[in-house]
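>>> my questions are about this predicted structure, shown below with the sequence.
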Amino acid sequence: MSEIEITGTDQTNRIWLLGGSMNDGNVSVVFSEDKLKLTGDFHPPAPGGKPLKAEHIADALARSNVVHGVLWETIQQAVTECNLNHELLRDITMARGNPPATEVLEYFQVNPKLKPESTAPEGNEQLDYRSVSPFVIVKKDQALAKRKSRKEGKNGKDIYGLEIPHGTIRPQGVSAGENTRSDDIYIYANINGQLIEDKGVLNVQDNLVIKGAVDYHTGHIVFPGDIEIDGPVSDGFKIHSGGSVTIKQTFDVTEVITKADLTVSGGIIGRGRALIKVGGELKTKFLENCRAACRKTITVDPDIVNSSVYTLEKIEMGDKGVILGSEIYAVKGLRAKGIGKKTGKASKIHCGVDFTALQEQEKYNSELRLIAAKLKNVREHLNTENNEPEQGSAEDIRQKKMEAALIQLEEKQKQISAKASAVFSRLHADENATVEVSGEIASGTLIEICQIALFVTEPLKNTRIRLDRALGKLVSESLKSS
């Protein structure tokens with residue numbers, strides 16, 4: 001054999017570099033399919049064989065046309081180590097080309113934070129799946145996507161010195177759609193709402209439409225705009241809206257808070273703990289076992305049952321509308337078919353009174369009672385200490401603290417009393433409020449207008465109850481005659 005010979009390539013793409021004898025040191029190499037890498041196994045010489053020589057390897061590389069990216073230092077080090085230690089060295093990188101850098105065209109990338117909430121609990125924490133929402137809610141002027149600048153491509157070179165053209169990719173970016181805007185850097189939301197990506201276009205909807213039910217698939221619903229729900233709402237799920245809420249079936253309510261109207265095509269059923277707060281009007285077929293507060297008119301047909309209902313305007317009930325076992329606060333009064341029945345819990349109707357002012361008054365009265373108790377306790381302690389304590393003694397310091405506390409409590413009492421007086425001035429909001437019942441008001445019903453009460457001892461039929469300020473009492477009159 002010649003001094004250096006390159007054998008044919010076997011199925012594993014290996015080429016053998018041999019010396020003059022089979023006992024001589026040799027190198028088996030592998031060319032990568034992409035022609036960007038050459039690796040070799042360095043075999044030490046057998047007894048009596050010649051050692052590896054770097055110049056022989058260089059000659060073999062030249063014959064194989066490997067001219068770019070040759071790692072001469074690595075090859076020399078491997079040759080030395082293999083000859084000295086008589087150990088086989090595997091997978092030594094002998095040459096490495098330069099891969100091409102792909103050109104990436106400019107595009108808008110969606111903000112990675114704008115994803116539906118994860119359902120995976122962190123650590124050992126128990127996850128309330130009702131708090132997990134599949135909807136992406138964004139705020140006005142929030143950045144929805146960021147422009148990613150073009151990334152320049154670069155040609156590569158293989159170990160044979162041949163140029164490898166770079167590729168070009170166009171990422172699937174997004175563009176600005178309805179209720180969005182863009183500049184040189186970002187796409188922004190123009191309104192509060194739900195982010196929808198449709199075929200690469202970002203849109204922000206000011207309403208949220210749920211075609212099915214509100215349950216564990218949707219989680220609690222919290223949305224800054226209008227909400228429309230086609231299906232039922234399961235018990236235990238909350239709905240908070242910055243606009244109006246429309247529910248097309250019976251509403252099994254746990255908690256609903258709306259800034260505008262609440263409209264329920266079916267009725268509203270609570271379970272005693274249900275809470276309803278409406279910033280506009282409330283319209284529904286019936287209210288049952290609920291606590292509902294509304295700024296505007298409440299329209300219910302046919303009945304309100306076992307509920308506490310508050311409105312700053314009036315309650316309008318249909319021709320069959322009946323109030324049963326409920327407590328009603330309606331500033332401008334109410335109109336119904338009937339109130340109460342012969343058996344069962346009696347109803348209480350309060351009109352002409354601003355219930356928000358009444359709640360504030362009760363809060364201030366509670367605080368005043370607490371302060372009065374503290375004042376009594378402080379004064380009793382001060383009165384029991386008849387002797388003048390020695391200046392700077394513990395008794396003297398204690399007495400001065402008690403005197404300071406007395407002054408603070410008296411000042412706080414004055415402040416809260418002033419607030420309570422201010423609230424009292426707006427407590428009676430409408431002396432012209434009336435209670436009109438075309439059917440019967442059952443005995444046992446309590447009716448108040450501006451905190452002047454009428455206790456119904458005998459059923460009243462087809463009547464209007466109003467406040468006669470001159471007489472200082474409530475009077476009832478026939479609806480027909482009036």
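Thanks, I have the structure now.

>>> from here on, contacts and neighbour counts on C-alpha atoms
Will do.

>>> elements contacting the helix or strand hosting residue 349?
In the assignment (DSSP states H and E), residue 349 maps to strand 348-351. Helices and strands touching strand 348-351, by 3 or more C-alpha pairs under 8 Å, 6 or more residues apart in numbering; DSSP states H and E, are strand 327-330, strand 446-449.

>>> got any ranges where the stretch 1-150 of the chain has weak pLDDT?
Within the stretch 1-150 of the chain, the stretches with pLDDT under 70 are 1-20, 117-129.

>>> can you give me the strands in it?
Using DSSP state E, counting those that start in this stretch, the strands of the stretch 1-150 of the chain run over 5-6, 14-18, 26-31, 37-43, 89-96, 103-104, 107-110, 137-138, 143-148.

>>> so for residue 439, which of those sits nearest?
The closest of the strands of the stretch 1-150 of the chain to residue 439 is strand 137-138. By C-alpha to C-alpha, the value is 48.5 Å.

>>> max-length helix in this structure?
Looking across the chain with DSSP state H, the single longest helix is helix 394-425.

>>> quick one: list the elements packing against that helix.
Helix 394-425 packs on helix 355-384, going by 3+ C-alpha pairs under 8 Å, 6+ apart.

>>> tell me the mean pLDDT for the helix it packs on?
Helix 355-384 carries an average pLDDT of 87.

>>> in stretch 369-377, what's buried?
For stretch 369-377, burial by neighbour count (16 or more other C-alpha atoms under 10 Å) applies to 371, 375.

>>> stretch 474-482 now?
For stretch 474-482, by 16+ other C-alpha under 10 Å, it's 474, 476.

>>> same check on stretch 47-58?
The neighbour-count check on stretch 47-58 (16+ other C-alpha under 10 Å) flags 50-54, 56-58 as buried.

>>> can you redo those residues as a markdown table with distance to residue 243?
Converted to a markdown table, the buried residues of stretch 47-58 look like this (distance: C-alpha to C-alpha, whole Å):
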| residue | distance to residue 243 |
| --- | --- |
| 50 | 89 |
| 51 | 86 |
| 52 | 83 |
| 53 | 83 |
| 54 | 81 |
| 56 | 83 |
| 57 | 79 |
| 58 | 79 |
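
>>> of those, which belong to helices?
54, 56-58.

>>> can you list the weak-confidence ranges in the stretch 351-482 of the chain?
Ranges of the stretch 351-482 of the chain meeting pLDDT under 70: 385-387, 481-482.

>>> hmm, try it at 50
Applying pLDDT under 50 to the stretch 351-482 of the chain flags residues 482.

>>> domain parsing for this structure?
As assigned by automatic domain parsing, the chain contains the domains 5-96, 103-120+128-205, 207-354, 356-425.

>>> any idea which of those is most buried?
Most buried of the domains of the chain, by mean neighbour count (mean count of other C-alpha atoms under 10 Å): domain 207-354, with a mean of 21.

>>> now the host helix or strand of residue 275 - C-alpha only, PDB.
Remark: residue 275 resides in strand 268-278, with elements defined by DSSP H and E. Output of strand 268-278 as PDB, limited to C-alpha atoms (Å, rounded to 0.1, in the frame of the first residue of the first chain):
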ATOM      1  CA  ILE A 268     -83.500  35.100  39.000                       C
ATOM      2  CA  ILE A 269     -83.100  32.400  41.600                       C
ATOM      3  CA  GLY A 270     -80.800  32.900  44.600                       C
ATOM      4  CA  ARG A 271     -79.900  30.600  47.400                       C
ATOM      5  CA  GLY A 272     -80.100  33.100  50.300                       C
ATOM      6  CA  ARG A 273     -76.600  34.300  49.800                       C
ATOM      7  CA  ALA A 274     -77.100  35.700  46.300                       C
ATOM      8  CA  LEU A 275     -76.000  39.200  45.700                       C
ATOM      9  CA  ILE A 276     -77.200  41.500  42.900                       C
ATOM     10  CA  LYS A 277     -75.900  45.100  42.300                       C
ATOM     11  CA  VAL A 278     -77.200  46.900  39.300                       C
END
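
>>> show me the contact partners of that strand.
Here strand 268-278 makes contact (C-alpha atoms under 8 Å, 6 or more residues apart in numbering) with 250-262, 284-295.

>>> who does it pair with, and is each partner parallel or antiparallel?
Note on strand 268-278: by DSSP bridges, its sheet partners are strand 251-252 (parallel), strand 255-258 (parallel), strand 282-294 (parallel).

>>> out of the ones you listed, which is closest to residue 78?
In terms of C-alpha to C-alpha, the element of the strands paired with strand 268-278 nearest to residue 78 is strand 255-258, at 74.9 Å.
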